[in-house]
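**Student:** Okay, here's the prediction I keep looking at, along with the sequence it came from:
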Amino acid sequence: MHPTLKEMFDRLYAAYGPRHWWPGESPFEVLIGAVLVQNTSWQNAEKAIDRLRRDDLLEPHALHAVPLEELEELIRPAGYYRIKARRLCSLLRFLVERYNGSLEAMFQTGLADLREELLKIKGVGPETADSILLYAGGLPVFVVDAYTHRVLARHGWIGFDADYYQTQDHFFSGLPQDAALYNEYHALLVEVGKQHCRKQPRCEGCPLAAMLPPGGPLEQE
DNA sequence: CACCAGGCAAGTA
DNA sequence: TACTTGCATGGT
């Protein structure tokens, strides 16, 4: 494991402890949540999931059978509800038609092939696909999000112009292939991002402050 | 009141 | 290929 990545993980873990992201929820719930949370607070996404649960719709075939207009209203609190309803439909159509609604069957597919398939679905981009693979499937894929990018860039470990895959490679090349590690690491990065990296960087008390370059956090030019 | 949250695709040049 | 824009609710 790369020394800097290990130090970062250790500092974050010492500060925040295990995050238990998406714990105790079914893989299907994670799948749906991955779409609902796109560019949205988890709080809002969860409201939509709660509504689906109340109507016993957290099951592939049941949710697939819901008409588009009805689905729109159900997930409204998540925001972007018209787009997200269509994205859920395309994801559900894929799951039901290709794997008969079985996530277990879906995850039998090899990691690289499944990732390709997911990315072909309208509404599933790199982060959503990787979230599904890691958090629903338990597969060793590092998830990159806005916080991940911001934390690494402000420490000078990647450029602010680094794309998704450059950022992801930073972790792949420095960490063992370990889904549990990737899971915890990403969750910790989101936590430190929320606490310290939102809007303007406030690095006082940040567990990663000691790892900043001399002169403090870098800013986007 | 303004700002933004665990992105993505479609449109434009 | 490389930018830009639309999408929408709810919390701070």
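**Tutor:** Cool, the structure landed.
**Student:** any idea how far the most centrally placed residue in chain A lies from residue A:160?
**Tutor:** What sits nearest the mean C-alpha location of chain A, by CA atoms, centre = their mean, is residue A:131, with 4.2 Å. According to CB to CB, to the nearest Å, residue A:131 and residue A:160 sit 23 Å apart. All C-beta spots, glycine's among them, are computed from the backbone N, C-alpha and C.
**Student:** Can you give me the domain boundaries for chain A?
**Tutor:** Using automatic domain parsing, the domains assigned to chain A come out as A:3-19+A:143-211, A:27-136.
**Student:** quick one: pLDDT of the residue of chain A at minimum distance from DNA strand B?
**Tutor:** DNA strand B sits closest to residue A:125 of chain A, with a gap of 2.3 Å, by CB to the nearest atom of the strand. With respect to pLDDT, residue A:125 has a value of 98.
**Student:** Next, the contact list for it, please.
**Tutor:** residue A:119 (CB atoms under 8 Å, 6 or more residues apart in numbering).
**Student:** I'd like the distance between it and DNA strand C.
**Tutor:** 11 Å (CB to the nearest atom of the strand, to the nearest Å).
**Student:** Now the phi/psi pair for that residue, please.
**Tutor:** When read as degrees, to the nearest 10, the backbone of residue A:125 gives phi -100, psi -170.
**Student:** where along chain A do the helices fall?
**Tutor:** With helices called from DSSP state H, chain A shows them at A:3-16, A:27-36, A:42-54, A:60-64, A:68-74, A:81-99, A:103-106, A:111-120, A:126-131, A:146-154, A:164-172, A:179-196.
**Student:** of all those, which lies closest to residue A:214?
**Tutor:** Closest to residue A:214 of these, according to CB to CB: helix A:146-154, at 13.6 Å.
**Student:** I'd like to know which of the domains of chain A is closest to residue A:220.
**Tutor:** domain A:3-19+A:143-211 (4.7 Å).
**Student:** and residue A:45, how many neighbours does it have?
**Tutor:** Neighbour count for residue A:45, taken as other CB atoms under 10 Å: 22.
**Student:** Close to DNA strand B: what parts of chain A are there?
**Tutor:** Counting by CB under 7 Å from any atom of the strand, the residues of chain A lying close to DNA strand B are A:21-22, A:33-34, A:37-42, A:44, A:79-80, A:83, A:121-129, A:131, A:135, A:145-147, A:190, A:194, A:198-199.
**Student:** Quick one, which of those residues are buried?
**Tutor:** A:21-22, A:33-34, A:37-38, A:40, A:44, A:79-80, A:121, A:123-124, A:126-129, A:131, A:135, A:145, A:147, A:190 (16 or more other CB atoms under 10 Å).
**Student:** near DNA strand C, anything from stretch A:79-89?
**Tutor:** Yes - interface with DNA strand C: stretch A:79-89 contributes A:79, A:80, A:81, A:82, A:83, A:84 (CB under 7 Å from any atom of the strand).
**Student:** where's the fourth one relative to residue A:46, distance?
**Tutor:** As defined by CB to CB, residue A:82 lies at a distance of 20 Å from residue A:46.
**Student:** neighbour-wise, which of the two wins?
**Tutor:** It is residue A:46, of residue A:82 and residue A:46, that has more neighbours when counted by other CB under 10 Å, with 16 against 13.
**Student:** Near DNA strand C, which residues of chain A are found?
**Tutor:** Proximity of chain A to DNA strand C is confined to A:39-41, A:43-44, A:47, A:76-84 under the rule CB under 7 Å from any atom of the strand.
**Student:** now with 6 Å?
**Tutor:** Within reach of DNA strand C by CB under 6 Å from any atom of the strand, chain A has these residues: A:39, A:40, A:43, A:44, A:76, A:77, A:79, A:80, A:81, A:82, A:83.
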